[in-house]
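>>> Structure for the following, please:
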Amino acid sequence: MEDRPVALHALEVPPRARQTGYPPDLAAKIGGREKRVLGDRFGLTNFGVNLTRLPPGAASSLRHAHGAQDEFVYILEGHPVLLTDAGETPLLPGMCAGFKAGTGDAHRLENRGGEDVLYLEIGDRSPGDSVVYPDDDLTAVLGPDGKWRYARKDGTPL
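Numbering: from 1, shown residues only. As a prediction, the model looks like this:
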């Protein structure tokens, strides 16, 4: 059995080396986003937990909607703007937002301020999940190996 910590200091977990799996032409849209993958450190397999930092000008992701995965974010520091199909919602530390799978309501956070945004993101790891990106020429499907497979909307694999 692999040795796992009982507890750790989240900011001591190194940031994920690869910022995103997005293709290079779209990766720049997230800016300098930094994720610390916390759930994996404990061997969690049913859901993931990330501590994410958005420097000024960065975004959480491309605006997206999951077919099978619920998502939840909790703002720890900073003042991001949440973009959904309903429009823009300013968020403050202590606020949270949830995104139910299968609704088609695409979302993302943007840091338009001058200070970093720090938040927790939690999502399940539903097999067969798919993602649509309404603002970009991209789709994604979660493979049986737990890795995302990206393609253009016409089906061309990336």
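>>> Now do the end-to-end distance for stretch 126-145.
Start-to-end span of stretch 126-145 (C-alpha to C-alpha, to the nearest Å) is 12 Å.
>>> just use 41 as the starting number from now, easier for me
Will do, 41 is the new start, and the previous item becomes stretch 166-185.
>>> Just the buried residues of that stretch, please?
Using 16 or more other C-beta atoms under 10 Å as the test for burial, stretch 166-185 gives Ser166, Asp169, Ser170, Val171, Val172, Tyr173, Asp176, Leu178, Thr179, Ala180, Leu182. For the C-beta atoms, the positions are set from N, CA and C on the backbone; glycine is no exception.
>>> Just give me how far that stretch sits from the chain centre.
Mean-position distance between stretch 166-185 and its chain equals 12 Å (C-alpha atoms, centre = their mean, to the nearest Å).
>>> now swap in stretch 134-141 and tell me
12 Å.
>>> Same check on stretch 151-171?
3 Å.
>>> follow-up on the earlier one: pick out the most distant pair among the buried residues of stretch 166-185.
Pairwise distances across the buried residues of stretch 166-185 (C-beta to C-beta) peak at 22.1 Å, for the pair Ser166 and Asp176.
>>> what about the chain, any weak spots by pLDDT?
41 (pLDDT under 70).
>>> where exactly do the helices run in it?
With DSSP state H, the ranges of helices along the chain come out as 64-67.
>>> need the contact list for Leu116.
Pro133, Leu158, Tyr159, Leu160 (C-beta atoms under 8 Å, 6 or more residues apart in numbering).
>>> which of those lies closest to Leu66?
Of the contacts of Leu116, the one sitting nearest to Leu66 (C-beta to C-beta) turns out to be Tyr159, at 21.5 Å.
>>> Nearest residue to the closest one in space, please, no chain neighbours.
Nearest in space to Tyr159, with sequence neighbours left out and distances taken as C-beta to C-beta, 6 or more residues apart in numbering, is Ile115 at 4.8 Å.
>>> so what's that neighbour up against?
Leu131, Leu132, Pro133, Gly134, Met135, Cys136, Val157, Leu158, Tyr159.
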